[in-house]
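Visitor: sharing a sequence plus its predicted fold:
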Amino acid sequence: MSQKTTEELLNWATEIAVAAKRDTIASGQINSILSFAQEYRNDINTVMLYIMYQAQRLRFTNTAKILVNKISELKNSPDDVIRLLGYVKWIYEIIERIKVDYSTKKFEDLVKTFITQARS
């Protein structure tokens, strides 16, 4: 079981959160996925099935494709799946309040955007 570095997970989470913003997913849906993953942490296939089901029902297939692809790479590391989804939640809540370029895929770029746009 090879764990991903925090940097890798943050980069993935940035890419997923930006896609979610582009797909105009409600933040509650991201919370729902995180909660489901926490409950089914030892059954990652069920987590991926839930995401695919929700994506078809609520029409966020672009984000779901990216998310399921990343989770499938973490299949043997449930802790990393939970960390990734937690990061997605936090990043999504941040970018709901700032203007982010939809091509942003790196956490470092998100930090730069935040520094220039966040208001005190």
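Guide: Okay, I see it.
Visitor: and the spatially most central residue of the chain, its phi and psi?
Guide: Note on the chain: the residue nearest the mean C-alpha position is Val88, at 3.4 Å, using Cα atoms, centre = their mean. The phi and psi torsions at Val88 (degrees, to the nearest 10) take the values phi -60, psi -50.
Visitor: correct me if wrong: it contacts Ser27.
Guide: No: Val88 is beyond contact range of Ser27, at 10.4 Å (criterion: Cβ atoms under 8 Å). Backbone N, C-alpha and C define where each C-beta goes, glycine included.
Visitor: re earlier: what separation do you get for the residue nearest to the centre of the chain and Trp12?
Guide: Remark: distance between Val88 and Trp12 (Cβ to Cβ, to the nearest Å) = 8 Å.
Visitor: do the same with Ile115
Guide: Computed with Cβ to Cβ, the distance linking Ile115 and Trp12 is 21 Å.
Visitor: more neighbours: which of these two?
Guide: Between Ile115 and Trp12, Trp12 has the larger neighbour count (other Cβ atoms under 10 Å), namely 24 against 8.
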